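Peer 1: Provided below are the primary sequence and the corresponding predicted coordinates.
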Amino acid sequence: MYKYILFDLDGTISDPKQGICTSVQYALKKCGIEPPDIDELTAFIGPPLKDSFMEFYRMNEEDALKAVGYYRERFGDVGWSENEIYPGIPELLKEAKAKGARLAIASSKPTVFVEKILKYFKINRYFDVVIGSELDGSRSKKEEIVEEALKQLYAKGSGDTAEKKALTAMVGDRKFDIEGARAQDVDAIGVSYGYQEPGELSAAGADAIAATVDELKELLLGGEDKEIRDKRLKRIEKDEKTDLPKVPTQPFLRALYMLSPFVVYFVVLQIMWRVVLWLTKPMAALSSGKESRPLSVLISILVMGTTALILWLIYRRREYMHFLPLWKKKDVLKKVLYIIVMGAALSALLNMLLTWAAQLIVPHIMSGANVKKFFDAATYDRTTPLWEGIVLYVMISPLLEELVFRWLLKERIGRVFSREITIVLTAVFFGFYHGNVLQGIYAFLMGLVMGHLVYKEEALIAPLLFHMTANAFIFISSYFS
């Protein structure tokens, strides 16, 4: 039996569809958007409202905040009461308290509305802690909400944190609840009677999924579930193998912490260049003219491939890597096709637009010889042999760059800054890394897309596939042009 239980509110304890979706309709109308039927707005149940307006209606942050304000006009008046508690929930809460469990609410809904709803259903007396988001937009991420709920819940009990976490479960109907539990290393139990997408809870890594309130009661208050225990032991074993360094509090050391993998990468790369060039010097002395180009490409493949391997060996036990979850999803073929098409289409579009803009601007600020050098520096060398170019530009180079930017740099920066800032910062580094203006702008824009992909799919394979496709399209089209 769990001694500490956190519950999401919407879709877990109560069915908020009428109140939330009708309030979203009201907000969309106020924004000048014709709203769909409420059955098409259930994706708004669970995640932060601002994020949902931005994602589903392509609003910028300012417009999304206005929409949230309109939403709250109606929800604060009547929407909060358009709610139905799921049958069996009051009995579950009552039994849990009778058996000595400490209960908390961890909801993305503003705390003031959470408390009103709990009182409305007369179940507020069962909860020791009630944590929601703030009306000013702060503490809106589920990870932050779960962290604060656990902090207050654990303060009311005895024993060390590790013992308490082994007896803690977070219950919710969306992937955000599972992610919040994972961030705090507690058991995550999903409920499929809520508003999750098909396969969402399993893909997010739920330890168990209850189809009914009775099944949930058995998971929470019955004997220890063997499957959940085994998953917990595997997580503990993984944590013990992965020695994640603590984030320093001093600004200079924090900056060094974020950038140190980047520094390690450049040091290893320079060492490998010198070692490989020294080893291949006798071969290079025998090559000249056209024969030297294939050799230089092979040297690049060897250097970059070895550098990628060394980085993997150094950091594989120091950083988490979400590499393969994309393949575990039911719609994997659809996703792969989407990523490939998007990689080819965006690379073609950006190259066309940037080249067109450069051809208009560059001749006015540079002399003829420098113009040629500018464009030569921003394109692949067409003397590169086809198959060697495919290995270097389409396979090895994307792999190394994704390890550095969407794994190491993203993980380190992501522990200090928000997701949005992390995506932008890694894209900026990616742009500067390419060394010239035209490629830098292209790499920055593509870096934004790849940063979004790695968070959306929670797998490094997604931006890697996108990167490989984009490079393949540009290199092969350049080679045959």
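Peer 2: In hand now; what should we look at?
Peer 1: I'd like to know which elements the host helix or strand of Phe252 is packed against.
Peer 2: Using DSSP states H and E, Phe252 sits in helix 251-279. Using 3 or more CB pairs under 8 Å, 6 or more residues apart in numbering; DSSP states H and E, the elements in contact with helix 251-279 are helix 292-315, helix 410-414. Using the backbone N, CA and C atoms, a C-beta is placed for each residue, glycine as well.
Peer 1: so which of the ones you listed gets nearest Gln18?
Peer 2: Shortest distance between Gln18 and the helices and strands packed on helix 251-279, using CB to CB, is found for helix 410-414: 36.9 Å.
Peer 1: Check which helices and strands the closest one sits against.
Peer 2: For helix 410-414, the elements it packs on are helix 251-279, helix 419-433, judged by 3+ CB pairs under 8 Å, 6+ apart.
Peer 1: Outside of that helix itself, list whatever touches it.
Peer 2: 257-261, 319-320, 421-422, 425-426, 451, 454 (CB atoms under 8 Å, 6 or more residues apart in numbering).
Peer 1: can you rerun that using 10 Å?
Peer 2: Contacts of helix 410-414 from elsewhere in the structure, counted by CB atoms under 10 Å, 6 or more residues apart in numbering, are 244-245, 247, 254, 257-262, 315, 318-322, 402, 404, 419, 421-426, 429, 450-451, 454-455, 460, 463.
Peer 1: Tell me how confident the model is about it, as a mean pLDDT.
Peer 2: Per-residue pLDDT over helix 410-414 has a mean of 86.
Peer 1: Likewise for stretch 72-86?
Peer 2: Per-residue scores along stretch 72-86 average to 89.
Peer 1: How about stretch 421-441?
Peer 2: If you average the per-residue pLDDT over stretch 421-441, you get 88.
Peer 1: which one of the helices and strands packed on helix 410-414 is the most hemmed in?
Peer 2: helix 419-433 (a mean of 18; mean count of other CB atoms under 10 Å).
Peer 1: Check which residues of the helix or strand that comes right after that one are buried.
Peer 2: In the C-terminal direction, the helix or strand that comes right after helix 419-433 (DSSP H and E) is helix 437-457. Buried residues in helix 437-457, counting neighbours by 16 or more other CB atoms under 10 Å, are found at 438-455, 457.
Peer 1: Packing partners of helix 437-457?
Peer 2: Judged by 3 or more CB pairs under 10 Å, 6 or more residues apart in numbering; DSSP states H and E, the packing partners of helix 437-457 are helix 325-328, helix 332-365, helix 368-377, helix 397-402, helix 410-414, helix 419-433, helix 461-480.
Peer 1: Could you rerun that using 8 Å?
Peer 2: Packed against helix 437-457, as judged by 3+ CB pairs under 8 Å, 6+ apart, are the following elements: helix 332-365, helix 368-377, helix 419-433, helix 461-480.
Peer 1: just how off-centre is the longest one within its chain?
Peer 2: What separates the centre of helix 332-365 from the centre of its chain is 24 Å, taken as CA atoms, centre = their mean, to the nearest Å.
Peer 1: angle of it against helix 461-480?
Peer 2: Comparing the axes of helix 332-365 and helix 461-480 via axes from the mean of the first three to the mean of the last three CA atoms, to 10 degrees yields an angle of 50 degrees.
Peer 1: For helix 332-365, give the mean pLDDT please.
Peer 2: Model confidence over helix 332-365 averages 85 on the pLDDT scale.
Peer 1: so which of the helices and strands packed on helix 437-457 comes closest to Lys29?
Peer 2: Nearest to Lys29, of all these, is helix 419-433, at 28.0 Å by CB to CB.
Peer 1: Could you export the closest one as PDB, CA atoms only?
Peer 2: This file holds the C-alpha atoms of helix 419-433, laid out as PDB (Å, rounded to 0.1, in the frame of the first residue of the first chain):
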ATOM      1  CA  ARG A 419      12.400  24.100 -22.400                       C
ATOM      2  CA  GLU A 420      11.900  27.100 -24.700                       C
ATOM      3  CA  ILE A 421      15.100  28.800 -23.600                       C
ATOM      4  CA  THR A 422      17.000  25.500 -24.000                       C
ATOM      5  CA  ILE A 423      15.800  25.000 -27.500                       C
ATOM      6  CA  VAL A 424      16.800  28.600 -28.500                       C
ATOM      7  CA  LEU A 425      20.300  28.400 -26.800                       C
ATOM      8  CA  THR A 426      21.200  25.100 -28.400                       C
ATOM      9  CA  ALA A 427      20.100  26.400 -31.800                       C
ATOM     10  CA  VAL A 428      22.300  29.500 -31.300                       C
ATOM     11  CA  PHE A 429      25.300  27.400 -30.500                       C
ATOM     12  CA  PHE A 430      24.500  25.100 -33.400                       C
ATOM     13  CA  GLY A 431      24.400  28.200 -35.700                       C
ATOM     14  CA  PHE A 432      27.700  29.600 -34.500                       C
ATOM     15  CA  TYR A 433      29.300  26.200 -34.700                       C
END
